[in-house]
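Colleague: Just the structure for this:
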Amino acid sequence: MTKDFSKKKLCTDRCPLRIVMDRFGDKWSILILMALSENGTMRFNELSACIDGISLKVLTSTLRALEDDGFIIRTVFPEVPPKVEYELTTVGQEMIPYIQEISAWAIRNFKTK
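Modeller: Numbers count the residues shown, from 1 in each chain. Sure, this is the predicted structure:
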């Protein structure tokens, strides 16, 4: 007898697991969160300089997505030129130990060339 898996959906479109996996399945989100964790509040150019290989367009879109998902706060200061800073929210800070554990696991299990 074969099981019919088409009847049970493991994760709907907006389930919490899918939201997290969508956010952290990309190439840059975890690196941005780690940069903010290690350096505290940062400006856009500081983040750009800190993350090797990220384009300005991708950094902008990833920061917007992290803000929309509640992992970072974007603060705009009314100055000329505008001053914008990014920092982790409480949710973002809570994610850091899990990212650090995954990073430690990767270092233990995968050799770099």
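
Colleague: Okay, now the unreliable bits of the chain?
Modeller: Using pLDDT under 70 as the threshold, the predicted model of the chain has low-confidence ranges 1-11, 13, 112-113.

Colleague: Please state the offset of the helix ranked longest in it from the chain centre?
Modeller: Ranked by residue count and defined by DSSP state H, the top helix of the chain is helix 90-109. In this view, helix 90-109 has its centroid 11 Å away from the chain centroid, taken as Cα atoms, centre = their mean, to the nearest Å.

Colleague: Same check on stretch 66-73?
Modeller: Averaging C-alpha coordinates over stretch 66-73 and over its chain gives two centres that are 8 Å apart (Cα atoms, centre = their mean).

Colleague: do stretch 103-113 as well
Modeller: Average the C-alpha atoms of stretch 103-113, do the same for its chain, and the two points are 20 Å apart (Cα atoms, centre = their mean).

Colleague: ok, now which ones touch the residue most central in space within the chain?
Modeller: For the chain, Ser29 is the residue whose C-alpha lies nearest the centre (Cα atoms, centre = their mean; 2.7 Å). When contacts are counted by Cβ atoms under 8 Å, 6 or more residues apart in numbering, Ser29 is found next to 23, 62, 65-66, 71. For the C-beta atoms, the positions are set from N, CA and C on the backbone; glycine is no exception.
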